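Participant: Got a predicted structure plus its sequence, pasted below:
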Amino acid sequence: MLLAWTTSAVDPHVSDLSLEELINIKVTSVSKKETNLENSPAAISVITQEEIRRSGAFNIAELLRMVPGLDVARIGASEWAVSSRGFNNQYGNKLLVLVDGRSVYTPSFSGVFWKMQDLMLEDLDRIEVIRGPGATLWGANAVNGVINIMTKSAKETQGFLGSLTYGTELQPLTSLRYGGQLGTNLYYRVYGQFLNHGSLQLSDGSEAHDDWDSTRAGMRLDWQPSAQDHFTLQGDYNNLSSEQIFNEPQLFPTVGIVTKHERNHNYSGNVLGRWRHTFDNGSESSVQIYYDKFKFANAGSVERRDTLDLDLQHRFSIGSRNEVIWGLGYRHTEDNITSSDALIWSPQHVHLQLFNAYLQDEIKLIPDKLHLTLGVKLEHNDYTGLEIQPNGRLLWNPTPKQTFWGSVSRAVRTPNRFERGTRVNTVAFQPPSGPPALVALFPTLDLKSEEVTAYELGYRVQPAERLTLDFAGFYNTYENLHGFVNGPVQFEGAPSPPHVLIPQLGVYNRAGYTFGLEVQSQWQVSDSWRLAAGYTWLHMSLETDPTTEKDSPTHQFNLRSYLDITKNLELNGALYFVNQTTHQPGQIAFTTPSYVRLDIGATWRFTKNLELSVWGQNLLEGRHTEFSSYHTSYITEIPRSMFVKVTWRF
């Protein structure tokens with residue numbers, strides 16, 4: 001059950017927004033300035049705050065299922081694999097994720113710890129998702145996509161809100177928030193969130209031992225001392241505890257794989273400050289600085305990391321046809337990663353620095369008709385030195401209801417700590433004769449950046465007053481993809497007992513290409529009923545690495561319905577289809593059959609201040625699998641679930 005109360009205004013319903021307003025939502029991720037969604041020369045989707053409220057999701061990863069081009073697969077109670085345009089993986093490394101401009105990517109594996117991003121969804125303004133490279137503005141690792149999660153300003157969250165969610169998985173989820181005003185144009189909010197999630201089940205029906213709980217708290221200040229200046233100060237702290245089952249190879253006292261069970265205790269904290277100033281001539285400058293600290297334990301290894309990031313940006317016009325944006329950035333990160341019996345980090349402690357500069361010019365070749373955007377980012381990292389990431393985009397509006405766009409981009413994914421200096425013992429076995437054998441992954445000394453050259457075409461059209469269609473096609477070529485090859489067998493004396501070592505050596509020698517099509521549409525069936533749909537088709541061809549081709553589904557489809565039956569009664573639903581996938585995290589391949597997921601929720605608004613919702617998720621099957629884990633051969637199944645939600649406002 002969820003109980004909530006607040007003195008702030010109720011968010012508008014979908015039925016209160018026309019289709020024209022929905023497709024003209026302002027976005028900032030494409031150009032680092034506000035533009036209309038329909039006039040953005042990129043494959044971009046926006047999850048609005050109303051869609052968040054009517055989704056039934058309780059975390060960021062589950063919300064992303066509705067975006068075409070994204071592959072979201074749940075591994076267990078607190079683990080997700082999320083990727084854009086292929087290469088899905090428990091530690092997916094080609095997708096950049098930001099929260100209010102703060103990167104939540106970690107250099108240890110170039111990915112995201114999704115369970116640490118359990119934000120309070122009531123505070124979210126929107127989520128902007130770029131499918132395709134965004135490196136010219138956002139930098140390395142924005143290879144196949146950028147997810148920009150934006151929270152509401154403190155001014156938009158005035159009053160008191162409390163929530164309590166209870167269901168078959170959430171037991172419970174509780175949120176508290178208060179927003180107020182300290183002076184003229186100075187607003188604040190503070191919040192706390194407490195989550196307790198039950199354990200799921202394995203494919204044999206036994207307990208998966210993956211329950212988790214989280215305590216999160218934070219604040220935000222927004223101050224606008226003048227019409228030209230806006231200051232933001234915000235911070236969050238999260239303390240998370242989760243159970244985990246993982247496998248480790250063992251040479252003594254017996255040879256083989258042992259299963260371990262432990263409870264991990266993690267934390268993260270950050271503080272961010274941002275100042276934005278608009279000059280009399282319309283140009284704009286901003287300065288952002290943040291500090292981030294976290295500890296994350298995983299399969300016996302513990303990572304501690306501190307990050308300081310500074311970003312300067314300036315936007316100005318040259319005449320009436322050129323709008324230029326340029327910026328400088330610096331990031332310093334240092335880590336301390338302790339090893340486990342199977343995962344050996346060397347060295348244990350590393351400092352890394354990142355310098356960047358970018359320049360982008362939007363040229364109005366024909367005002368309101370034809371725009372050309374050219375940009376480049378120069379980035380220097382400690383592994384591969386200087387990386388150049390250019391971008392060119394063309395936008396054509398032949399009519400007010402049609403938009404054509406195309407782009408050519410280059411982006412890189414720089415090496416990470418795992419690839420630089422980590423040994424992973426994966427399998428131990430006893431041959432019929434001779435000493436035991438150990439299979440281990442080793443890093444490479446020849447560090448390179450993975451490279452993608454992306455070609456994209458898109459078309460948006462509003463063929464009827466109540467219907468919009470958005471098509472995006474892409475062709476990506478990849479070079480220097482990281483992988484492993486068999487090395488020469490050798491004898492190793494330690495760890496004891498002496499054994500045969502079968503090494504698998506890290507290399508950057510793989511190449512390949514992907515292409516696909518993404519479609520999204522919205523149909524305002526009536527003033528009170530809207531349908532939204534998305535379809536993804538993906539083809540992958542990777543040299544010497546056919547297993548990765550099967551990690552992401554060839555076909556995905558979703559259909560979402562938002563129906564206001566009466567002024568006080570709404571019915572929301574979503575249907576998802578995901579094609580079969582095959583994953584090989586170790587020596588054994590696991591196949592996930594195609595599945596169809598159905599979510600349905602009803603909300604009754606008894607009064608202006610009192611609201612009741614009932615949700616059922618995964619209603620068509622009792623349980624199904626979605627993805628396997630690198631850490632265990634056990635497969636966790638995703639169950640049918642239910643929860644109740646009550647909201648009280650006054």
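Facilitator: In hand now; what should we look at?
Participant: which residues in the stretch 351-500 of the chain form helices?
Facilitator: Chain-ordered helices for the stretch 351-500 of the chain, with DSSP state H, counting those that start in this stretch as the definition, fall at 417-421.
Participant: and the nearest residue to F650 once chain neighbours are set aside, how many neighbours?
Facilitator: Once flanking residues are discounted, F650 sits nearest to N609: 4.6 Å by Cβ to Cβ, 6 or more residues apart in numbering. In short, each C-beta sits where N, CA and C put it, glycine included. As a burial measure, the neighbour count of N609 was computed by other Cβ atoms under 10 Å and equals 14.
Participant: Same check on the one 3 residues further on?
Facilitator: For L612, the neighbour count with other Cβ under 10 Å is 17.
Participant: contacting residues around the helix or strand hosting R216?
Facilitator: Remark: R216 resides in strand 212-226, with elements defined by DSSP states H and E. Counting by Cβ atoms under 8 Å, 6 or more residues apart in numbering, strand 212-226 makes contact with 77-78, 115, 118-120, 151, 153-155, 185-197, 230-243, all of which sit outside it.
Participant: Phi, psi for L137 please.
Facilitator: Main-chain dihedrals, L137, degrees, to the nearest 10: phi -100, psi -30.
Participant: Provide a list of residues in contact with it.
Facilitator: L137 sits next to S31, K32, I325, Y358, Q360, G375, K377 when contact means Cβ under 8 Å, 6+ apart.
Participant: again, but for Y455
Facilitator: Residues in contact with Y455 (Cβ under 8 Å, 6+ apart) are G406, S407, V408, F474, Y475, N476.
Participant: For the second one, give the beta-bridge partners.
Facilitator: The one in question is S407. Under DSSP bridges, the beta-bridge partners of S407 are R393, E456.
Participant: Which of the contacts of Y455 sits closest to P443?
Facilitator: Using Cβ to Cβ, the shortest approach to P443 within those belongs to N476, at 26.0 Å.
Participant: So what pairs up with the closest one in the strands?
Facilitator: Applying DSSP bridges to N476 yields these beta-bridge partners: A454, T514.
Participant: That one and A140: what is the separation?
Facilitator: When distances are taken as Cβ to Cβ, to the nearest Å, N476 and A140 turn out to be 16 Å apart.
Participant: mind checking which helix or strand K33 is in?
Facilitator: Element membership for K33, per DSSP H and E: none, as it lies in no helix or strand.
Participant: excluding its backbone neighbours, what's nearest it?
Facilitator: Nearest-residue entry for K33: R315, 6.0 Å, with adjacent residues in sequence omitted and distances by Cβ to Cβ, 6+ apart.
Participant: Let's verify the one you found: helix, strand, or coil?
Facilitator: When classified by DSSP: H, G, I helix; E, B strand; the rest coil, R315 comes out as strand.
Participant: what's near enough to touch it?
Facilitator: K32, K33, S283, E284, S285, E323, V324, I325.
Participant: Check G487 too.
Facilitator: F442, P503, Q504, L505 are the contacts of G487 under Cβ under 8 Å, 6+ apart.
Participant: quick one: the second one and P488 touch, right?
Facilitator: Meaning P503. Yes: distance between P503 and P488: 7.4 Å, which falls inside the contact criterion (Cβ atoms under 8 Å).
Participant: more neighbours, these two?
Facilitator: When P503 and P488 are compared on other Cβ under 10 Å, the one with more neighbours turns out to be P503, at 18 against 8.
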